[in-house]
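Colleague: Following is a predicted model, sequence given first.
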Amino acid sequence: MIQDEVLDTGLGDADDDDFDLDEVFDSQLPDNRYLDRELSWLAFNQRVLELAEDPSLPALERSNFLAIFASNLDEFFMVRVAGLKRRIVTGLAVPTNVGRAPSEVLGDIAELAHALQRRHAEAWMQSVRPTLAESGIEVVTWESLSDDERSTLYEYFQAQVFPVLMPLAVDPAHPFPYISGLSLNLAIRIRNARTGRQEFARLKVPPMLPRFVRVAREDDAVRYIPLEELIAHHLEDLFPGMEILDHHAFRLTRNEDVAIEEDETENLIQALEAELLRRRFGPPIRLEVNEDMDDVTLDLLIRELDITQQEVYRLSGPLDLRGLFDLSKIDRPELHYPPHVPTTAVPFQPAELNGRADLFAAIRKADVLVHHPYESFTTSVQAFLEQAARDPHVLAIKQTLYRTSGDSPIVQALIDAAESGKQVLALVEVKARFDEANNILWARKLEKAGVHVVYGLVGLKTHCKLVNVIREEDGVLRSYSHIGTGNYNPKTSRIYEDFGLFTVDDKVGGDLTRLFNELSGYAIEKKFKRLLVAPLHLRKGLLRLIEKERRNAIAGKPSGIRIKVNSMVDEQIIDALYRASQAGVPVEVWVRGICSLKPGVEGMSENITVRSILGRYLEHSRIFSFHSGGEPQVYIGSADMMHRNLDRRVEALVRVVAPAHVKELTELFDLAMSDTTSSWHLQPDGEWVRHSVDENGKALTDIQDRTMSSIQRRRRARAVR
């Protein structure tokens, strides 16, 4: 039995008497001990691109990875590059964590981003597009079409495209139009037949239309033409009587980050709505053009958009390859990953084939750890909330919501619960980046249904993933809890890898009650039993656990640290890991994206190993495991190792205590760090080296396929019993 003092996370007065935070950082470490976070992020997107370039992957999955790369890079420019430029322009720039001026980093970003975008275009034009064509999916040019195909497409153009086009002239009577962020446009030069004068016009490619227009099928082949190419070959219909001299595609990226000064704002929702309107008019930060754009047109765009040559990206292929998301939906099973249907978590399987499981009864027996998307979100988290909503013994439901879909059954379950008379609290984070507008809409929908909607704490984002259900059982109130690593979003749960813990443990229930009181009221909580909570105590709690491993190593005791996160950036955490490594602690870091830590540096981090895994599912869970003298302390939760997570967000980690669950997480980590598993290895200089085949050319183990198989075997074994 684990005693309370062992479970106590030290968030209040239970700190070790000999733990001194300042002492953790009293040793000398080299100044150049961090990798730049922006360049590390670009290295992450390069790993995504390497999947698109991998000929062993199914063709439509490669196409999908090209779209993911494009979408990722858009967000990087809109947020990270825009923020860096804003700090430089306003004079608020500070040196980066690698000790270099932001302007120098911006130059490095531009150089690497240019190279990656060219490589991205080449991957499509020279590799993925031809591979799709070999499989009967062709993206063709207008010139390659037959007369009959052109005639059919012209009818489509007249009926479906022409009516929604809006050409905008640029002349003394018509100023240069506003170019919206991420819109695809045609820059058109025309000559007036009467006056001989050359004019310029801008035409926006309608974003609501299919990006790739289907051409009539030929035998087993399906052919598509880019929408902008179809439009470009019918410009004479838009400018009758004018001579079309030239046309080129271009695309602009703007600063679309949102900044709210909450302490100066009485109504957060109104302020955020106003800021979302301003987002549309952020300054330009990137101009993408076709490589054959003439100098006259390019000079005009640069001048009118007030952009520099460094911010111009000339590309050989079509712009905005996010459109490949549409192609990846084509129903060709042999060109996709083999299908995987999530299983129902073993404890939640109904007694009868078509029966309905009693999730409360299952959770009362023992904690339940669910691994998405290998195990179903629908039959676990969603079913838990739906059962709570209709159960007459449930008195109250409290939940945090960071991102979810607008038609979410999670939101509907909360509405159903409120309408049935239950007390329902939804803590909605309306500042979730790029989901702000959606979150405002369904937050108001919840309010109209009688749900108590609150928006968290001033100055902080509420990022933790928590549900607390209060149920009356034999005259006693019992608390059923769920703490997860991922959002309560049924759609992303199919592609995001995450863990969730269900428990009826009184300590966790008490922790969540106190935490929700703090988030919705005025309580200031200082002590929890099984939770580590940011921003007040999570950082120090992790540093204490790292320091304990360091001291054990110095004392000759077994030690070890394992951390799985999306990003590893925070300097204090990294320095603590360096110190642990110097003391001989084996440190294993499994990171999906950014990593500023340098592994394998003699005298500093030779005991640190860093791996990254990308694949059909997005690795999203966070795991923190400490050897702790042979009695492992293992946590899962919502926090990455970034300043914003540790200092400016409400985050929660929960300690996993069931031996079977600790074993499951340990074995997953064993597999991830094995040299027989396909992964990327981080080098001391920041380069990521992919290891996907052994010395004989045989494919290494795919951890996601292996996990899928092992969970299915576990379910079959349960069925046999």
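Modeller: Cool, got the structure. Residues are numbered from 1 along each chain as shown.

Colleague: elements contacting the helix or strand residue 237 falls within?
Modeller: Using DSSP states H and E, the element containing residue 237 is helix 235-238. Applying 3 or more Cβ pairs under 8 Å, 6 or more residues apart in numbering; DSSP states H and E, one finds that helix 235-238 makes contact with strand 242-254. Glycine gets a C-beta too; all of them are placed from N, C-alpha and C.

Colleague: Would you check that residue 181 makes contact with residue 282?
Modeller: Yes: judged on Cβ atoms under 8 Å, residue 181 makes contact with residue 282 at a distance of 6.7 Å.

Colleague: just to revisit the earlier point, quick one: contacts of the helix holding residue 237?
Modeller: 157-158, 162, 165, 167, 186, 188, 203, 242, 244, 247 (Cβ atoms under 8 Å, 6 or more residues apart in numbering).

Colleague: dump the residue contacts of residue 319.
Modeller: Residue 319 makes contacts with 184, 228, 249-251, 288-290, as judged by Cβ under 8 Å, 6+ apart.

Colleague: Just give me the closest of these to residue 119.
Modeller: residue 288 (14.4 Å; Cβ to Cβ).

Colleague: tell me which element that closest one is part of?
Modeller: strand 284-290.

Colleague: That strand versus strand 242-254: what angle between them?
Modeller: 140 degrees (axes from the mean of the first three to the mean of the last three Cα atoms, to 10 degrees).

Colleague: so what strands line up beside strand 284-290?
Modeller: strand 242-254 (antiparallel), strand 312-315 (parallel) (DSSP bridges).

Colleague: Of all these, which one is nearest residue 59?
Modeller: strand 312-315 (21.6 Å).

Colleague: More neighbours: residue 181 and residue 282, which one.
Modeller: Neighbour totals were compared for residue 181 and residue 282, and residue 181 leads with 20 against 17 (other Cβ atoms under 10 Å).

Colleague: mind exporting the strand holding residue 288 as CSV, just the C-alpha atoms?
Modeller: Output in CSV follows, covering the C-alpha atoms of strand 284-290 (Å, rounded to 0.1, in the frame of the first residue of the first chain):
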residue,chain,number,x,y,z
PRO,A,284,2.9,40.1,-44.1
ILE,A,285,5.7,37.8,-43.2
ARG,A,286,6.1,35.5,-46.2
LEU,A,287,5.3,35.7,-49.9
GLU,A,288,5.3,32.4,-51.9
VAL,A,289,5.4,32.7,-55.7
ASN,A,290,5.9,30.4,-58.7
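
Colleague: Who are the packing partners of the helix or strand following that strand?
Modeller: Using DSSP H and E, the helix or strand that follows strand 284-290 in sequence is helix 295-305. Contact analysis of helix 295-305 by 3+ Cβ pairs under 8 Å, 6+ apart lists strand 184-192, strand 242-254, strand 284-290 as its packing neighbours.

Colleague: tell me the mean pLDDT for helix 295-305?
Modeller: Average pLDDT, helix 295-305: 92.

Colleague: Could you list the residues in contact with that helix?
Modeller: Residues contacting helix 295-305 (Cβ under 8 Å, 6+ apart): 176, 179, 187, 189, 200, 246, 248, 250, 252, 284, 287, 289, 307-309, 312.

Colleague: Can you show me the CA trace of it as PDB?
Modeller: Taking Å, rounded to 0.1, in the frame of the first residue of the first chain, the C-alpha atoms of helix 295-305 are listed here in PDB:
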ATOM      1  CA  ASP A 295      10.300  40.600 -62.200                       C
ATOM      2  CA  VAL A 296       7.700  43.200 -63.000                       C
ATOM      3  CA  THR A 297       5.000  41.400 -61.200                       C
ATOM      4  CA  LEU A 298       7.200  40.400 -58.300                       C
ATOM      5  CA  ASP A 299       8.500  43.900 -57.800                       C
ATOM      6  CA  LEU A 300       4.900  45.200 -57.700                       C
ATOM      7  CA  LEU A 301       4.000  42.600 -55.100                       C
ATOM      8  CA  ILE A 302       7.000  43.300 -53.000                       C
ATOM      9  CA  ARG A 303       6.400  47.100 -53.100                       C
ATOM     10  CA  GLU A 304       2.700  46.900 -52.400                       C
ATOM     11  CA  LEU A 305       2.900  44.300 -49.700                       C
END
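
Colleague: Flag every buried residue along it.
Modeller: 297-298, 300-302, 304-305 (16 or more other Cβ atoms under 10 Å).

Colleague: who are the neighbours in contact with residue 424?
Modeller: Contacts of residue 424 by Cβ under 8 Å, 6+ apart are 396-398, 414, 417-418, 450-452.
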